[in-house]
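# Below are the sequence and a predicted model; questions follow.
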Amino acid sequence: MADWWSLSELACRPPDARRRVALRADGGHLSHADLLHRVACWQAALSARPESHCAIYFNDPFEFAAALLAVWHLGKTAVLPGDDRPDTLSTLLEAGYLLAGDLPGALQAGTESQAPATAREPLDPHAARLRLYTSGSQGRPEAIDKRLDQLVSEVGALEEALGQRLADGAPTVWATVSHQHIYGLLFLVLWPLAAGRPFGLRRLLYPEDLAACLGAQASILVSTPAHLKRLAEPPDWQLARQQLRAVFSSGGPLPFEVSQSAAVILGHTPIEVFGSSETGGIAWRQCAAADQPWQPFADVQWRLDGECLAVQSPRLPDTAWWTTSDRAAPAGAGSFRLLGRVDRIAKIEEKRVSLSAVEQLLLKTPWVQEAKALVVDTAVGARVGLVAVLTPEGRERDSQGRRGLLESLREALSSGVEALAIPRRWRFVEALPVNAQGKSPEALLAALFAAQAPAARPEMPAVQWLERGDTDALATLDIHAGLTVFDGHFEVAPILPGVAQLDWALSLGRECFALPQHFVRLEALKFVRPVQPGTALYMALQFKPRLADASLCSLSFRLYSHEGSDASGASTPNEHASGRAVWSYGTGAANA
């Protein structure tokens, strides 16, 4: 590890213009010297503030890294909010935290500072603190405190176990996940900073962006099962296969068939990393078979506590054993196999119902590929709701009649759970909705049940969220002839009015992001190709909370489909519409 730099001393070293830290959109690089300049700017901005906890939120991982180091070197605690939603901001403000970065009313750093980088003392790994939040997969996000020494141990373990697999040189690290959460923080920011590997400033959500960026130079991809499942969407992956050095997956179980598919598309079998926000990294594997065991990191001890995996490692707050909610069994040579989560128990009419059992029974049928059970409100009280992704056989069965499919699923459940556990409400989706971590928290699943029953002839199509992140979102829209917006446009060959497309983009943007009230203008509005009934339309949204003028923010949208094909027969994206709307945080009147 000749190029390995200690995170404790990273901001204390002499500025090094040759050590690359980040890759800009124009292809240029930002160096260690550039990073230290921004650290100094953030120290100057933060030093005059009395708050002991600073909530930092940035879309740009380079600026995030600079602010994080500045907070630590000032002896403050860095707080990483997982999103910028109004309720999150209220919680941060009520706690007395200083807000910095891409948040409404947050502190900004100037561009000039005279603070010498070499004047800093190395960080005390036991004193530098970080507060972050769990994904909220099982409910509300929980705050977790970490010391720098816990984070240092993790990046060291990753490099020791996996660094040799990343090839010589310094491939650029790209991510589909946010650095505001533990997985992205470690794999996109802290590990690359220590190892001397530059990271891309863009978060890549869409296959076209992934293929272009991964194919431009030697690259590493940090992703999740939710994103890897969507790689089958076009484009041409040939250059990406040539340039890619490794693929990482974490944040949830990676089905073996998805791992195999990703290996074919990308040329590399994903390296899976198992752990949690609480435990840090526990083990890794690269699957050659569906039952491939997990290899613990060298500094992790494990044992079974009943049927559950218990671990002890430097990533934990102390030397005590931590019992997880994951069932496990020894697999020889110090490795283990995971057998699924322990039951998630819900109370329905004072009876204990296993949500895990409902999911597992449905996954054993030939019709369900993924299943998530949760408690939802119904007219007769709390009951089990089920969100499912169907297999091809399940979709074929559904096309023959939804009632028949539901009867088969209920029959499959009746032999394994009591009647009260059989779902009363069902949602069948193309893909489970995910957040910036690639996970499906209960809030996103519950939102599928919150919508009112559609009208006989609705104005707006059914929306299926594929991605709901802090600044980016992706949804599919079911464009069918029964939508009232087609009335009058036109009888012989109906097309979707542009005003409807714009209205949907703005409405869904408000649903996803904290947009201000004061609309300013529309920019670069284009309608390229008509949208006809029967189109499976994708809507991609991107929110920029701060523009060059910090009083403004923007929402960019893009509507496209995958119904054409190129000479090779592969599907190519059809562009339908795009544009950008600008809002102001001020109180002045909106401009036309």
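On my side now, so go ahead. All values derive from a computational prediction rather than experimental measurement.

# can we go C-alpha only for contacts and neighbour counts from here?
Noted.

# Quickly list what Phe377 is bridged to.
Heads up, residue 377 is Asp, not Phe. Ala382 (DSSP bridges).

# Nearest residue to Leu69 in space, ignoring adjacent ones along the chain?
Val39 (6.5 Å; C-alpha to C-alpha, 6 or more residues apart in numbering).

# Please look at the one you found and Trp72 and confirm they touch.
No: using C-alpha atoms under 8 Å, Val39 is not in contact with Trp72; the gap is 10.4 Å.

# before we move on, the earlier item: pull the contacting residues for the residue nearest to Leu69.
With contacts defined as C-alpha atoms under 8 Å, 6 or more residues apart in numbering, the neighbours of Val39 are 11, 66-67, 69-70.

# what's the most distant pair in these?
Ala11 and Ala67 (11.4 Å; C-alpha to C-alpha).

# what domains does the record give for the protein?
1-147, 345-428, 451-584 (automatic domain parsing).

# Figure out how far the shortest one is from the centre of its chain.
Using C-alpha atoms, centre = their mean, to the nearest Å, the mean C-alpha position of domain 345-428 is found 26 Å from that of the whole chain.

# Pull out the buried positions in stretch 39-49.
In terms of neighbour count (16 or more other C-alpha atoms under 10 Å), stretch 39-49 has its buried residues at 39-46.

# What mean pLDDT does that stretch get?
Throughout stretch 39-49, pLDDT has a mean value of 95.

# How about stretch 189-204?
Mean per-residue pLDDT for stretch 189-204: 95.

# Would you mind listing the outside residues contacting it?
By C-alpha under 8 Å, 6+ apart, stretch 189-204 touches 1, 3-7, 10, 19-25, 60-62, 65, 155, 158-159, 170-179, 188, 210.

# measure it end to end?
15 Å (C-alpha to C-alpha, to the nearest Å).

# now the stretch 201-350 of the chain, which segments are flagged as low pLDDT?
232-234, 350 (pLDDT under 70).

# show me where it has helices.
Assigned by DSSP state H, counting those that start in this stretch, the helices in the stretch 201-350 of the chain fall at 207-214, 225-228, 238-243, 256-266.

# Tell me which of those sits nearest to Phe486.
Proximity to Phe486 (C-alpha to C-alpha) singles out helix 207-214 among those, at 30.3 Å.

# With just CA atoms, put stretch 376-385 into CSV.
Extracted as CSV, the C-alpha positions of stretch 376-385 are listed here (Å, rounded to 0.1, in the frame of the first residue of the first chain):
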residue,chain,number,x,y,z
VAL,A,376,-51.1,-1.1,6.2
ASP,A,377,-54.3,0.6,7.3
THR,A,378,-57.5,-0.8,5.9
ALA,A,379,-61.2,-0.1,6.5
VAL,A,380,-61.2,-3.0,9.1
GLY,A,381,-58.0,-1.9,10.8
ALA,A,382,-54.3,-2.8,10.4
ARG,A,383,-53.7,-5.7,8.0
VAL,A,384,-50.8,-7.1,6.0
GLY,A,385,-50.0,-5.5,2.7
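
# what mean pLDDT does it have?
83.

# need the domains of the chain in TSV with distance to Asp299, can you?
Formatted as TSV, the domains of the chain follow (distance: least, C-alpha to C-alpha, whole Å):
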stretch	distance to Asp299
domain 1-147	17
domain 345-428	31
domain 451-584	33
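
# okay if I get the helices of the stretch 201-350 of the chain as a markdown table plus distance to Ala195 and mean neighbour count?
What follows is the helices of the stretch 201-350 of the chain, written out as a markdown table (distance: least, C-alpha to C-alpha, whole Å; neighbours: other C-alpha atoms under 10 Å):
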| stretch | distance to Ala195 | mean neighbour count |
| --- | --- | --- |
| helix 207-214 | 19 | 19 |
| helix 225-228 | 25 | 23 |
| helix 238-243 | 19 | 18 |
| helix 256-266 | 24 | 18 |
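
# I'd like the ones you listed as CSV, with distance to Thr111 appended.
Converted to CSV, those look like this (distance: least, C-alpha to C-alpha, whole Å):
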stretch, distance to Thr111
helix 207-214, 29
helix 225-228, 36
helix 238-243, 35
helix 256-266, 40
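
# among the ones you listed, which is nearest Gly275?
helix 225-228 (14.4 Å).

# and for the closest one, what are the contacting residues?
Applying C-alpha under 8 Å, 6+ apart, the contact partners of helix 225-228 are 176, 205, 249-255, 258-259, 262, 434, 438-439.

# Just name the closest of the residues you listed to Gln286, please.
Of all the contacts of helix 225-228, Ser259 has the smallest distance to Gln286: 9.0 Å, by C-alpha to C-alpha.

# and the closest one, how far is that from Leu231?
Per C-alpha to C-alpha, Ser259 is found 11 Å from Leu231.

# quick one: Pro81 and Thr134 touch, right?
No: using C-alpha under 8 Å, Pro81 is not in contact with Thr134, being 10.0 Å away.

# one step back: and the buried residues of stretch 39-49, which is closest to Ala481?
Trp42 (54.2 Å).

# can you count the residues close to the closest residue to that closest one other than its chain neighbours?
Closest residue to Trp42 apart from its sequence neighbours, by C-alpha to C-alpha, 6+ apart: Ala109 at 5.3 Å. Close neighbours of Ala109, defined as other C-alpha atoms under 10 Å, add up to 19.

# Helices of the stretch 451-592 of the chain, start to end?
Here the stretch 451-592 of the chain has its helices, by DSSP H, counting those that start in this stretch, at 498-512.

# Might you list the low-confidence residue ranges for it?
451-457, 489, 491-492, 563-572, 587-592.

# can you tell which of the domains of the chain is closest to Gly334?
domain 1-147 (25.7 Å).

# who's in contact with Thr224?
With contacts defined as C-alpha under 8 Å, 6+ apart, Thr224 is in contact with 176-177, 248-252, 254, 437-438.

# again but with Ala216, I slipped
The contact partners of Ala216, taken as C-alpha under 8 Å, 6+ apart, are 239-240, 243.

# go again using 10 Å as the cut-off
Applying C-alpha atoms under 10 Å, 6 or more residues apart in numbering, we find Ala216 in contact with 27, 172, 239-240, 242-244.

# swap in Ile220?
Taking C-alpha under 10 Å, 6+ apart as the definition, contacts of Ile220 comprise 166, 170-175, 188, 197, 199, 214, 243-248.

# And for Arg19?
So Arg19 contacts 3, 29-34, 170, 193, 196-198 (C-alpha under 10 Å, 6+ apart).

# need the residues you listed in JSON lines with secondary structure and distance to Leu552, can you?
Compiled in JSON lines, the contacts of Arg19 are given as follows (DSSP: H, G, I helix; E, B strand; the rest coil; distance: C-alpha to C-alpha, whole Å):
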{"residue": "Asp3", "secondary structure": "coil", "distance to Leu552": "41"}
{"residue": "His29", "secondary structure": "strand", "distance to Leu552": "27"}
{"residue": "Leu30", "secondary structure": "strand", "distance to Leu552": "26"}
{"residue": "Ser31", "secondary structure": "strand", "distance to Leu552": "29"}
{"residue": "His32", "secondary structure": "helix", "distance to Leu552": "30"}
{"residue": "Ala33", "secondary structure": "helix", "distance to Leu552": "30"}
{"residue": "Asp34", "secondary structure": "helix", "distance to Leu552": "26"}
{"residue": "Ala170", "secondary structure": "coil", "distance to Leu552": "37"}
{"residue": "Leu193", "secondary structure": "helix", "distance to Leu552": "32"}
{"residue": "Gly196", "secondary structure": "coil", "distance to Leu552": "35"}
{"residue": "Arg197", "secondary structure": "coil", "distance to Leu552": "33"}
{"residue": "Pro198", "secondary structure": "coil", "distance to Leu552": "30"}
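
# Give the buried subset of these as a PyMOL selection command.
To isolate the buried members of the contacts of Arg19 in PyMOL, using 16+ other C-alpha under 10 Å:
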select buried, resi 29+30+31+32+33+34+170+193+196+197+198
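
# Can you show me the strands along the stretch 201-350 of the chain?
With DSSP state E, counting those that start in this stretch, the ranges of strands along the stretch 201-350 of the chain come out as 219-223, 244-249, 271-276, 280-286, 295-296, 301-305, 308-312, 322-332, 335-341, 345-348.
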